[in-house]
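Trainee: fold the following and give me the result.
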Amino acid sequence: MVDNFGRWYPDYPGQQPYQDPMYARAMGQQYNAQQTAPAQSQQALTPPTIRAEIIQVDSPEAIDRFPQNPGSTQMYMTKDEGFIIIRSVLANGEHTDVIYDKRPPAPPAPTIDPADYVRKEDLPALIAEAIQNMKGAAK
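Mentor: Numbers count the residues shown, from 1 in each chain. So this is what the prediction gives:
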């Protein structure tokens, strides 16, 4: 027997709590009520965590020395952190590699050299010279 305060009293001498269906029902409801509320609030607040095993290698050729099961995917990274390779092995034993490499920094923008460009003052002389060359070629 379970009273209003959740205390259990045996119905007969020697009765154990697990033998009383009222006790099992009361404890089951109390346990479910405690478990459902925190689990829902934790799921909403905790972002998913992804764990990955990364194997360090000396070079891309060293990846071939590591055996890999068909249907699996493994990440490899060079010791100098120059690139990461994700190798997926298909069921027939073939593999595909996705390579993420560290790009060198972009070269600086070239400086503008005014000597490489034609100025407005030089245009009439260049046009006259081109016309002279065309007249000379036509003769």
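Trainee: just the residues contacting the strand or helix carrying A128, thanks.
Mentor: Using DSSP states H and E, the element containing A128 is helix 123-138. Helix 123-138 has contacts (Cβ atoms under 8 Å, 6 or more residues apart in numbering) with V118. Using the backbone N, CA and C atoms, a C-beta is placed for each residue, glycine as well.
Trainee: for I55, give the beta-bridge partners.
Mentor: I55 has these beta-bridge partners by DSSP bridges: Y76.
Trainee: show me the contacts for it.
Mentor: 66, 74-77.
Trainee: just the element for the most centrally placed residue in the chain, please.
Mentor: Geometric centre of the chain, nearest residue: I50, 8.7 Å, by Cα atoms, centre = their mean. I50 is part of no helix or strand when elements are defined by DSSP H and E.
Trainee: likewise S88?
Mentor: Going by DSSP H and E, S88 is part of strand 83-89.
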